[in-house]
Structure formats: structure tokens, C-alpha cells
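> next come a sequence and a model predicted from it.
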Amino acid sequence: MASQPTHSKPLESAVLPPANLVPESLGFVHLGRRIIRSLETLHELIAFTLITLSVTVFKIGRSRSVVHPLIRRQIFQAGIRLLPLVSLVALITGFIVVGQMISLFSMVGAGRYTGLVMVIAVFRELGPLMTAMMVLARVGTSTVIDLGTKRALGEVEAMEALGIDSIHYLVVPRVLGLALSIVSLTIYFIIISMVSAYFFVFLQDIPMKPLAFVNQITEALHISDFLVLILKSCFFGGVIAVVTCYEGLARPIRLEQISVAATRAVMKAIILCGLLDAVFLLYWMI
Amino acid sequence: MTVSYPSIDEKDILIELRDVTVRSVTQPHLDWIRNWDWTIKSGERWLVGAKPDSGKTSLLSVAAGLVHAHQGTVRIFDREVQDLEPESWLDEKLRMGMVFEDGGKVFQELTVFENLMLPLNYHERLTPDERRAHVQSILESTEMDHIAGRSAAGLSRNWKQRLGLARALVLQPEVLFLDNPLGAVDAHHGLWWLKFLDRLMTGRWEWQPKALVVSANDLTPWMSRINRLALINDKNWVEIDPGDRNTLESDPLIQSLMTAKI
């Protein structure tokens, strides 16, 4: 009996790694797995994007009587139905954020930078990003739920049995519809923000005429701002559509997994839109 | 009662599977069947019997080209398809129709009429007026014209299953696969199915498929309507002559799959 404690100690140390190493090594394993999983997902997402692109290009003129109404419906759902929400958020943004900045600039005698502030804050950053986030919240989640339900109930299989390309029928209208909707909504958001910002300036009794306000903005704008705005919005729309369609459609899914897939899609779309925004930011910095 | 179908005389091969392994889609390490050979010829009416969860749906899906075989050769209308993208053999694919089990996997957000119009519109077959007339005729034949405007999501499983059949018939397939079609329907609708298929296969409808493949857990309603029988027994494909009464009466699996004894 007396020998037991002396045997147990070396045995324990032989089987188990030192206590201070366990959490660290487990952490590395966990981190490694996360990285591998993320890379696999990225690989699948890129493949899904390329398939969607090729179907969009090669089948754009096919089955118009079926696909074109779906694109119109998507524009209605992701564009026209979002006008009230976008109007509200644009009013708030213009009134509170941009208006206050202009007001502050005027107080410190930097009123001539108003146009530049509007262009940087609203044109380049807030407009595209906030519009994309609103579309993601309202349309992205419903896309995952809609497609996930179709997949779980076997409708996608039924389409394939009837020779209907599920990417062409379900994904392409969403990608095109979302891209067009986000571009239009972003331009709408910017216009409302500007009007709202000037309204704040007007209420603050800042001596700036409407024409001077518009002139400052137009002077600060370049053609590249418009190009980048359209490009960025299109990419945001494409990213949101592809990620949400991928989460709903690309893998077999059960009904009870759809809510998790929706959450995952929102997170991925936010991260990818953020990364995309950073890439565009690099363009301006370089 | 034995239903006598006129045989379609030509015995050309429509679908041919050689040395095929079918793997479960949801459980990648589970093979439903290995080294499977099967030939479907014109004029044949197959019944594939097996207990539930034996992989009938997977086998039919592979034969219909909906799912890739894990191994082996699948020839559909004289074309090897196992390595091809669906788009490249679309013409052959549209010569086959599939009715899925358990509610037909209908398009829930569309109406009954739209469910039938979708394949015709998508493949731009016929003129718009001809499409509507064709769909109307199928709705009348399947006795669904009174629910044509209803949403598929609101239908009972009986009607969904029937809608699945009507949708498969829209493109007039040459090989019609029915995956356990009576599994989710009540007795009244089951009787309608059998009468309709009798009418379809005896050429008393506007068009007749060249071959019919039915999978079922219960063989009883089908035994008098088929001329080829296969069973999936412990992951083995066993073809039996449906006219061989001795085998039918002595085979324990057949007996267990019959709700009424032979």
C-alpha cells in the first residue's frame, strides 16, 4: 500500500503532458482546425462564385420567361421594398453624423472641407456599406431561409430531375437582383443623406447656401468616385447573394439547421464585405 | 386481377448500369449496393421491392442520372453519363421522369398550374398557348383541374403526390420512375394511382412511356402490373421472374413485403 503513491506520480507524468502545456497545445489544435475549416469554406465559396458567374454569363439569354420575372421580383424585394428603411437610415445618417461634422467644421473655420467630408464619409464609405448591411439584414437572411427550406424539402432535387439548373433558376436572379438593388439603393441613400445633412446645416444657422453646398461636393468628387461606388455596391450585392445562396443551397441541409445557416451566412457576409471595403480603401490610400 | 398490358415490341436498351456502387448521400461510408448490373429495356415494367431504408431511392436516383454512382458505368439512352455535367446530357435527361416519394417534392411556393408550367417554360418547349393547353389536358387527366390555382404548399400529401406525378408527365418521359408512390397516399388515392397507371401503360392516354420503374415497400398492388421484378436483399440485387409462383411463394423477403399473400 505504501508503494502506491510513489508509482502513481511517474505514471501520471508519463501519460499526461505537463499541465502548463495542455491548454496551449489544445489551443493550437483548435486554432489549426479553425484555419483549415475557414480555408475549406473559402475554397468552396470561390468555386460556388465561379460556377454562378459562368452560369450567369452563358445562360443569360436562356429561359427568359422564367428567369427575368424572378430578377424583377428580386429587385422589388431587395430594392423597392427597402426604400422606407433606407430613407429612414439615410435621414438619420445625414442629420446626425454628417450634419454634425459639417457644423463642427464650420465652427473651427474649416467649412471649405465640407464637400470632401461628404464624399469621403457618405460616397466612399457609409453609403455602400450601410446599404449593404440593410439589404443583408432584410433580404440576406430570408434568402438563406428560403433556399435552405427548398433544399431541405427536396425541391432542388426535383428541379434537377426536370433539367432545371438550380443555379440558373435560384441563384442568378438573386445575384443580379441584389447587385442592381444595392447600386440603386446606395445612390438613393447618398442623395437622402445629403439633403438631410444640408437640412441640419440649415437648422444650425450655418451660413452656407444650397448651391455652395452642392458646389463643394461636386468639386470634391471625381469620376473615379462614381466608378468605385458602383463597383463596390455591385461587389457587396454579389458577395451577399453568393454567401447567402451558398449557405442555403450548396450543401445538404435539414430544416432544423436553417437558422444556424442563416446566422453563419450573415457573419460571413459581414466579414467579406468588410474585407472588400478594406481592399477598396487600399485603392484610395495608394 | 391481372392487368394485361400490350407489350412494346422493340426491346431496345434504355438504361444500362454495369458494376455500379451506390453510396449513401448522407452517410458517405455506407454503400447501398456494390457490383450492381441492371438493364432497363423498352416495354419493361419493373418493380423494385425492398424493406424501408434499403437504399431504393438512391438506386433509382443513380439509374435516373440524378446522383453520380460512386463507381461503375451508367449508360442512359446509349450515352455514358456518370462523369458528365448535367447540362451536357440534358436531352437524354429530359427523356426520363421521376416521381419522388413522400409528397412528390413539389414546388411549394408555386400553384399547381405553375408547378406544371415551370418545366415547359424553362425549357421553352411549345408555344405559350400550346403549353397552357398541354398543362390543362394533364390537369384534367389527373383530375386536378379544380385545384389548379391552389398553392402547392396548402395541398394534402395525397394531392402533392399526385401533383408530383402530373409534373413528371408534363415532359412526356420515355422512362418513368416512381419512387414508392403509394407510401404517402390513402387507400382512395392509391386506387386512383393504380387505375391511372393502368390507363397510362395500356396506351389509353395521349402518350405512353416506353418503360416504367416502380419502387415499393409493399409489393401487393404492383405484382399484377409488372413484368420484371427485383429485390434488394442485404445490399444484393436479386432479379426474380414475376411469373415464377414457386419462388414468389417460398421467398421469405417477398412474403414479408406482401401485405396480401399470393
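Perfect, thanks for sending it.

> which stretches in the chain count as helices?
Went with chain A since none was named. Counting by DSSP state H, chain A has helices at residues A:4-15, A:22-58, A:64-78, A:83-92, A:99-107, A:114-118, A:127-135, A:141-152, A:155-161, A:166, A:172-203, A:210-220, A:223-249, A:258-285.

> my question was about chain B
With DSSP H as the criterion, chain B has helices spanning B:56-63, B:90-93, B:112-122, B:128-141, B:157-170, B:187-201, B:245-250, B:252-257.

> make TSV from the ones you listed and add mean neighbour count to it.
No exception for glycine: its C-beta is placed from N, CA and C like everyone else's. Converted to TSV, those look like this (neighbours: other CB atoms under 10 Å in any protein chain shown):
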stretch	mean neighbour count
helix B:56-63	24
helix B:90-93	16
helix B:112-122	22
helix B:128-141	15
helix B:157-170	23
helix B:187-201	16
helix B:245-250	12
helix B:252-257	14
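
> and the closest residue to B:Glu16 other than its chain neighbours, what does it touch?
Residue nearest to B:Glu16 in three dimensions, not counting chain neighbours: B:Arg75, with 4.3 Å by CB to CB, 6 or more residues apart in numbering or on different chains. Listed by CB atoms under 8 Å, 6 or more residues apart in numbering or on different chains, the contact partners of B:Arg75 are B:13, B:15-18, B:81.

> so for B:Arg75, what's the pLDDT?
What the model reports for B:Arg75 is a pLDDT of 93.

> for A:Ile253, same thing?
Looking at A:Ile253, the pLDDT reads 89.

> does it touch A:Val260 like I think?
No: using CB atoms under 8 Å, A:Ile253 makes no contact with A:Val260, being 9.4 Å away.

> neighbour count winner among the two?
Taking other CB atoms under 10 Å in any protein chain shown, A:Ile253 and A:Val260 do not tie; A:Ile253 has more neighbours (20 against 13).

> list the contacts for B:Ala168?
By CB under 8 Å, 6+ apart, the contact set of B:Ala168 is A:161, B:97-99, B:176.

> out of those, who's the most crowded?
Neighbour-wise, these (other CB under 10 Å) top out at B:Met98, 28 neighbours.

> distance of it relative to chain A?
When CB to the nearest CB, to the nearest Å is the yardstick, B:Met98 and chain A sit 4 Å from each other.

> these two touch, right, that residue and B:Leu66?
Yes: with contact defined as CB under 8 Å, B:Met98 counts as touching B:Leu66 (6.8 Å).

> got a pLDDT number for residue 119?
Using chain A here. On pLDDT, A:Val119 comes in at 81.

> meant chain B actually
96.

> next up, the contacts around the residue nearest to it when sequence neighbours are not counted.
Excluding the flanking residues, the one nearest B:Pro119 by CB to CB, 6+ apart is A:Leu162, at 4.5 Å. A:Leu162 makes contacts with B:94, B:118-119, B:122, B:167, B:171, as judged by CB under 8 Å, 6+ apart.

> about what we covered before: for the residue nearest to B:Glu16, give its distance to B:Met96.
Computed as CB to CB, to the nearest Å, the B:Arg75 to B:Met96 distance reads 13 Å.

> same check on A:Thr41?
Separation of A:Thr41 from B:Met96 (CB to CB) stands at 35 Å.

> and those two? which has more neighbours close in?
Using other CB under 10 Å, the more surrounded residue of A:Thr41 and B:Met96 is B:Met96, with 27 against 15.

> in the chain, where is pLDDT below threshold?
Unless you meant another one, I'm taking chain A. Where chain A drops to pLDDT under 70, the residues are A:1-25.

> wait, chain B
Applying pLDDT under 70 to chain B picks out residues B:1-11, B:260-262.

> which parts of the stretch 151-262 of chain B sit against chain A?
Residues of the stretch 151-262 of chain B lying close to chain A (CB under 8 Å from any CB of the partner chain) are B:164, B:167-168, B:171.

> mind listing what the residue in the stretch 51-200 of chain B that chain A sits nearest to touches?
Nearest residue of the stretch 51-200 of chain B to chain A: B:Lys105, at 3.8 Å (CB to the nearest CB). B:Lys105 sits next to A:153-155, A:157-158, B:164 when contact means CB under 8 Å, 6+ apart.

> can you do 10 Å?
By CB atoms under 10 Å, 6 or more residues apart in numbering or on different chains, the residues touching B:Lys105 are A:150, A:153-159, A:161, B:98-99, B:160-161, B:163-164, B:167, B:179.

> ditto for B:Glu101
A:154, B:56-57, B:60, B:161, B:164, B:178-184, B:215-217.

> nearest to A:Asp205 among those residues?
Nearest to A:Asp205 out of the contacts of B:Glu101 is A:Gly154 (CB to CB; 64.8 Å).

> B:Ser42 and B:Asp12 touch, don't they?
Yes: under the criterion of CB atoms under 10 Å, B:Ser42 lies in contact with B:Asp12, with a separation of 5.0 Å.

> what residues does the stretch 1-150 of chain A put near chain B?
The interface of the stretch 1-150 of chain A toward chain B, taken as CB under 10 Å from any CB of the partner chain, is made up of A:55, A:58-59, A:62-67, A:69, A:146, A:149-150.

> what do A:Ile253 and A:Val260 both touch?
A:144, A:148, A:247.

> quickly name whichever of those residues is closest to chain B.
For those, the nearest to chain B is A:Gly148 (12.9 Å; CB to the nearest CB).

> quick check: end-to-end length of stretch A:145-158?
Taking CA to CA, to the nearest Å, stretch A:145-158 runs 18 Å from one end to the other.

> what separates it from the chain centre, distance-wise?
Distance, stretch centre to chain centre, for stretch A:145-158: 23 Å (CA atoms, centre = their mean, to the nearest Å).

> same check on stretch B:177-186?
From the chain centre to the centre of stretch B:177-186 is a distance of 9 Å (CA atoms, centre = their mean).

> right, and A:Ala197 touches A:Gly115 too?
No: judged on CB under 10 Å, A:Ala197 makes no contact with A:Gly115 at a distance of 11.1 Å.

> what residues are shared contacts of those two?
In contact with both A:Ala197 and A:Gly115: A:102, A:213, A:217, using CB under 10 Å, 6+ apart.

> the first one: how many residues sit nearby?
Using other CB under 10 Å as the criterion, A:Ile102 is surrounded by 28 other residues.

> what is the burial count for the residue nearest to it when sequence neighbours are not counted?
Counting by CB to CB, 6+ apart, A:Ile102 lies nearest to A:Thr114, which is 5.0 Å off, once chain neighbours are set aside. Burial measure for A:Thr114: 25 neighbouring residues, criterion other CB under 10 Å.

> OK, contacts around A:Thr114?
Applying CB under 10 Å, 6+ apart to A:Thr114 gives the contacts A:98, A:101-103, A:105-106, A:197-198, A:201, A:206, A:208, A:212-213, A:216-217, A:220.
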